[in-house]
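Undergrad: okay, structure incoming, though there's no sequence with it:
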């Protein structure tokens with residue numbers, strides 16, 4: 001039996017359900033392999049006995065301590081990557097914009113400004129408080145960018161949304177610098193955090209952010225059918241019984257929660273939500289029932305691989321994942337602009 005992907009112009013692809021299932025299993029295997037590499041590979045060489053002992057809870061010695069530190073770092077990379085990949089796929093479906101991405105639309109930068117402002121002026125220190133503030137900042141920025149991109153003739157076209165997001169990101173980045181620069185006590189940590197990375201991952205941070213990511217991920221996955229109908233156009237979706245505004249708002253809520261929560265613990269990481277959904281849309285088509293799980297696993301794999309690569313290329317120093325994903329994502333962004341000519345999905 002052949003399943004037809006949701007129409008998305010000439011890019012719509014037919015793939016047998018069994019083939020999609022096999023690709024999904026392969027992706028899970030790749031992710032598990034990358035997680036193992038993330039635990040074992042780094043600036044310090046570790047032996048197999050150290051790895052086994054550290055996984056068992058023994059952290060005595062440099063090698064075992066290094067492995068013990070890499071475990072929460074790896075889990076954070078998986079969770080943040082999955083959140084960003086899933087949020088990017090949902091944003092592209094909601095806006096029908098091939099350039100939609102938490103970084104490009106300024107959502108991550110809005111979350112960052114909210115957190116930095118809270119730390120600088122209101123003494124925000126708790127992890128849970130930072131997550132709530134980041135989600136609020138992400139939501140306000142998402143609404144503002146959509147409103148600005150909707151002004152004028154033609155409504156919220158992909159080009160207008162991308163330009164509004166780019167302008168908003170630049171403005172918010174300047175505001176972050178203005179807030180942090182006079183505060184010498186936080187300026188250095190803010191600059192480092194703004195690059196985006198998972199090196200500071202801890203089990204405590206993961207336990208704080210996990211409920212938010214679980215909620216946002218569940219909302220996004222439940223929105224799959226609504227996104228498929230929205231891809232047909234608002235009028236046809238409404239004619240098929242979909243409450244268009246509610247479907248769009250629900251999916252957007254899940255994406256905003258994922259973006260805000262992940263940004264609060266890793267800093268703003270761009271391009272994961274752009275690259276991953278496009279790659280899997282070409283592979284399995286535009287059916288969101290498949291695209292969303294693929295995007296989550298693909299985002300986790302990409303961010304984990306970027307973290308491993310960042311540890312290898314500049315030994316004994318490290319390159320933060322935000323830099324690696326930018327190097328990967330920028331050429332893909334240019335390619336998408338040229339191929340789609342910034343029209344729509």
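TA: Good, I have the coordinates. Predicted model, so just to flag it, every value in this text is computed and none were measured.
Undergrad: what lies in contact with stretch 223-232?
TA: Applying Cβ atoms under 8 Å, 6 or more residues apart in numbering, the contact partners of stretch 223-232 are 6-8, 90, 93-94, 96, 236-237, 240, 242, 244, 247-248, 250-251, 254, 286-289, 291-292, 345. For every residue, glycine as well, the C-beta is placed using N, CA and C.
Undergrad: which residues of the stretch 1-150 of the chain score low on pLDDT?
TA: Within the stretch 1-150 of the chain, the stretches with pLDDT under 70 are 1-15, 57-59, 63.
Undergrad: what comes up buried for stretch 322-338?
TA: Within stretch 322-338, the residues that count as buried by 16 or more other Cβ atoms under 10 Å are 322-326, 328-329, 333, 336.
Undergrad: circling back to that earlier point, now, of the contacts of stretch 223-232, which are buried?
TA: Buried subset of the contacts of stretch 223-232 (neighbour count, 16+ other Cβ under 10 Å): 6, 8, 90, 93-94, 96, 237, 242, 247-248, 250-251, 254, 286-288, 291-292, 345.
Undergrad: in strands, which of these fall?
TA: Within those, no residue falls in strands by DSSP state E.
Undergrad: among those residues, which are in helices?
TA: Residues of the buried ones among the contacts of stretch 223-232 located in helices (DSSP state H): 90, 93-94, 237, 247-248, 250-251, 254, 288, 291-292.
Undergrad: from these, which is closest to residue 132?
TA: Using Cβ to Cβ, residue 254 comes nearest to residue 132 of these, at 16.0 Å.
Undergrad: which non-adjacent residue is nearest that closest one?
TA: residue 219 (3.2 Å; Cβ to Cβ, 6 or more residues apart in numbering).
Undergrad: quick check: that neighbour touching residue 256?
TA: No. Shown here, residue 219 and residue 256 do not form a contact pair, counting by Cβ atoms under 8 Å, at 9.8 Å.
Undergrad: higher neighbour count, the two?
TA: Using other Cβ atoms under 10 Å, the more surrounded residue of residue 219 and residue 256 is residue 256, with 29 against 19.
Undergrad: tell me the contacts of the more buried one?
TA: Contact analysis of residue 256 by Cβ under 8 Å, 6+ apart lists 87, 107, 135, 138-139, 142, 216.
Undergrad: in TSV, list those residues along with distance to residue 35.
TA: As requested, these are exported to TSV (distance: Cβ to Cβ, whole Å):
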residue	distance to residue 35
87	21
107	27
135	27
138	27
139	31
142	31
216	22
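Undergrad: for the residues you listed, which entry has the maximal number of neighbours?
TA: Neighbour-wise, the contacts of residue 256 (other Cβ under 10 Å) top out at residue 87, 36 neighbours.
Undergrad: list the buried ones in the helix or strand where it lies?
TA: Using DSSP states H and E, residue 87 sits within helix 62-95. Using 16+ other Cβ under 10 Å as the test for burial, helix 62-95 gives 63-95.
Undergrad: give the contact list for residue 115.
TA: Residue 115 makes contact with 124, 130, 133-134, 137, 263-264 under the criterion Cβ under 8 Å, 6+ apart.
Undergrad: mind checking the SS state of residue 232?
TA: coil (DSSP: H, G, I helix; E, B strand; the rest coil).
Undergrad: residues in contact with the spatially most central residue of the chain?
TA: Note on the chain: the residue nearest the mean C-alpha position is residue 84, at 1.3 Å, using Cα atoms, centre = their mean. By Cβ under 8 Å, 6+ apart, residue 84 lies in contact with 102, 258-259, 262, 269, 272-273, 299, 303.
Undergrad: how does it look with 6 Å?
TA: Contacts for residue 84 (Cβ atoms under 6 Å, 6 or more residues apart in numbering) come out as 262, 272-273, 299.
Undergrad: quick check, nearest of the residues you listed to residue 38?
TA: Distance to residue 38, by Cβ to Cβ, is smallest for residue 299 among the contacts of residue 84, at 14.7 Å.
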